[in-house]
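Chemist: sequence plus the predicted model coming up.
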Amino acid sequence: MIVTPIKTHKITSEDKDILKILDKYINSLEDKSVVAVTSKIIAISEGRIIKIGSISKDELVMKEADLYLPRHMSKYDFMISIKNGIFTASGGIDESNGDGYYVMWPKNPQAPANKIREHLAKKFNIKNIGVIITDSKTTPLRWGVTGVAIAHSGFEALNSYIGKPDIFGRIMKAEKLNVTDTLAGTAVGVMGEGNEQIPLAVIEDVSFVKFQPRNPTEEELKDLKIDIEDDLYAPLITSVPWKKGEKS
């Protein structure tokens, strides 16, 4: 796997078109590449920003999250939330690298993922191109953040090993590789979390990615997510008094 970070200018509210940003910094692209784009620069280009001080962050989380836990429940005075079926901090709202604004997730992350894939495929005349929209997430019982893909396009999100033998012939019953988050973790590792100014990355030599020259179907997107009641960690997730956000 080869990951190439792409440094850009400081993306601000003056940048209104994510495709123009991509055109400025991605000058060539090989077939069977995956382009990673941080959700933050897409959100900024969509105008999904609110001036800090014009609304409290708690109010904004309540508006943006599907489910959330009040701040007082956290030892760290922190709002835990679920948005679009993903555990995320503060409903996906961030202040870092926001130039005095709260930055939310894109309104519908799948839409720009599809648009970017279609644009790049046409521009570079390539058939197989993947796109992931990335953000950072925490992991229970681990310090630090890793990457998560909040949307993808152009490849199969899951590689299933169910029904296949392991190296000793044991038939696997539940194993699946989450390709989207595997790629996102790699991309976020080179993008960084501070002032690196690297909101883009190109990932190549990804033999485990099964490309498909189209956007994912609704059924494929649904298959990537698990209902809370069916989740392996359901006993933990359902044991706390989640509150419904306005997006729920």
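Modeler: Looks like it came in fine. Numbering: from 1, shown residues only.

Chemist: list the helices and strands whatever helix or strand residue 146 lives in packs on?
Modeler: Using DSSP states H and E, residue 146 sits in strand 142-153. Contact analysis of strand 142-153 by 3 or more Cβ pairs under 8 Å, 6 or more residues apart in numbering; DSSP states H and E lists strand 86-89, helix 110-124, strand 129-139, helix 179-191 as its packing neighbours. Heads up, the C-betas are built off the backbone N, CA and C, glycines and all.

Chemist: please repeat the previous calculation with a cut-off of 7 Å.
Modeler: Applying 3 or more Cβ pairs under 7 Å, 6 or more residues apart in numbering; DSSP states H and E, one finds that strand 142-153 contacts helix 110-124, strand 129-139, helix 179-191.

Chemist: and it, what's buried?
Modeler: 147-153 (16 or more other Cβ atoms under 10 Å).

Chemist: with pLDDT and distance to residue 246 as extra columns, can I get those in JSON lines?
Modeler: Converted to JSON lines, the buried residues of strand 142-153 look like this (pLDDT from 0 to 100; distance: Cβ to Cβ, whole Å):
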{"residue": "147", "pLDDT": "95", "distance to residue 246": "27"}
{"residue": "148", "pLDDT": "96", "distance to residue 246": "23"}
{"residue": "149", "pLDDT": "97", "distance to residue 246": "25"}
{"residue": "150", "pLDDT": "97", "distance to residue 246": "19"}
{"residue": "151", "pLDDT": "98", "distance to residue 246": "21"}
{"residue": "152", "pLDDT": "98", "distance to residue 246": "26"}
{"residue": "153", "pLDDT": "98", "distance to residue 246": "27"}
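
Chemist: any chance of the residues you listed in a markdown table, plus distance to residue 78?
Modeler: Listed next are the buried residues of strand 142-153 as a markdown table, based on distance: Cβ to Cβ, whole Å:
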| residue | distance to residue 78 |
| --- | --- |
| 147 | 20 |
| 148 | 17 |
| 149 | 23 |
| 150 | 20 |
| 151 | 25 |
| 152 | 28 |
| 153 | 32 |
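
Chemist: between those, which is nearest residue 99?
Modeler: residue 150 (21.6 Å; Cβ to Cβ).

Chemist: ok, the closest residue to the closest one other than its chain neighbours - contacts?
Modeler: Leaving out its chain neighbours, the residue that sits closest to residue 150 by Cβ to Cβ, 6 or more residues apart in numbering is residue 109, at 4.7 Å. Applying Cβ atoms under 7 Å, 6 or more residues apart in numbering to residue 109 gives the contacts 39, 133, 150-151.

Chemist: what do you get if the cut-off is 6 Å, keeping everything else the same?
Modeler: 133, 150-151 (Cβ atoms under 6 Å, 6 or more residues apart in numbering).

Chemist: tell me the pLDDT of it.
Modeler: Per-residue confidence (pLDDT) for residue 109: 97.

Chemist: now do residue 174
Modeler: 88.

Chemist: now the closest residue to it other than its chain neighbours: how far from residue 206?
Modeler: Leaving aside its chain neighbours, residue 174 sits nearest to residue 162 (6.6 Å; criterion: Cβ to Cβ, 6+ apart). Using Cβ to Cβ, to the nearest Å, residue 162 is found at 22 Å from residue 206.
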